[in-house]
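[1] give me the fold of what follows.
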Amino acid sequence: MDLAALRQEYMRSGLHEKDLHADPLAQFGNWFDEALQSGIALPNAMTLATATKKGRPSARAVLLKGFDALGFVFYTHYRSRKGRELEENPQAMLLFCWTELERQVGIEGRVARVSAAESDEYFASRPLGSRLSATISPQSEPVASREALEIRLEEASKRFRDSPPRPAHWGGYRLAPERFEFWQGRKDRLHDRLCYRRAGGVWKIERLAP
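    Numbers count the residues shown, from 1 in each chain. Down below sits the predicted model:
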């Protein structure tokens, strides 16, 4: 297969300053609603990029579970690789890629844990199997086998039945945005890239070269 020959022309739409909302969160909400209505599978899937204090990066796909004026919320194991890196270096980036709409949104900011009460509330809303898995999984650590995990899951199911408590090692994070970039694919790779940056307590919008 000739990967260099794989190409797609972006023709759906453009992105103009006059059409942007002054508030990047509102602009994100508009695009997210369009992604939802388009029927895209998992429109809340996003790449979370983190790094160690020395700058060694890592990235993985996670699910957005809420956003508001305070930031963007996701949940995970606090002692996973991403959890350890966020403790060491709380700067991170989220990237949404909605290929069907020829759009991307990048959001950068500082990450902090959500409250225990917020984590408890979300944990209680998860399917039972997901709660049990969170209880027994040493996320990102080596395990002997798939069977070993399944045995631990069965033991947890017998122990907790349908009421596993939220483990102390699992909970939410919130990224407080400091920068947004909205990307719209355009013909001839002359893409639209519009960036919001905080300047003096307000959001400044600037166009970036593709």
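
[2] please save the CA atoms from stretch 97-113 in CSV.
    Provided in CSV are the C-alpha atoms of stretch 97-113 (Å, rounded to 0.1, in the frame of the first residue of the first chain):
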residue,chain,number,x,y,z
CYS,A,97,-10.9,14.8,16.0
TRP,A,98,-14.3,14.7,14.2
THR,A,99,-13.1,13.3,10.9
GLU,A,100,-16.6,13.2,9.4
LEU,A,101,-17.0,16.9,9.9
GLU,A,102,-13.4,17.7,8.9
ARG,A,103,-12.9,19.3,12.3
GLN,A,104,-10.5,19.3,15.2
VAL,A,105,-10.5,21.1,18.5
GLY,A,106,-7.4,21.4,20.7
ILE,A,107,-7.7,22.6,24.3
GLU,A,108,-4.7,23.3,26.5
GLY,A,109,-4.7,24.0,30.2
ARG,A,110,-3.9,23.1,33.8
VAL,A,111,-5.4,19.9,35.3
ALA,A,112,-6.6,19.3,38.8
ARG,A,113,-8.6,16.6,40.5
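
[3] starting at the chain centroid, how far to the helix or strand where Ser133 lies?
    Using DSSP states H and E, Ser133 maps to helix 128-136. How far helix 128-136 lies from its chain's middle: 21 Å, per Cα atoms, centre = their mean, to the nearest Å.

[4] again with stretch 174-182
    11 Å.

[5] same check, this time on stretch 88-100
    Taking mean C-alpha positions (Cα atoms, centre = their mean), stretch 88-100 and its chain are 6 Å apart.

[6] so where do the helices sit in this protein?
    24-38, 81-88, 116-125, 128-136, 146-160 (DSSP state H).

[7] hmm, who's touching the shortest one?
    When contacts are defined by Cβ atoms under 8 Å, 6 or more residues apart in numbering, helix 81-88 is touched by residues 48, 50-53, 58, 60, 62, 76-78, 92, 111, 139-140, 173. For the C-beta atoms, the positions are set from N, CA and C on the backbone; glycine is no exception.

[8] identify the bridge partners of the residue nearest the centre of the chain.
    When Cα atoms, centre = their mean is applied to the chain, the residue found nearest the centroid is Met46 (3.9 Å). Beta-bridge partners for Met46, by DSSP bridges, are Val62.

[9] this completes my enquiry, with thanks.
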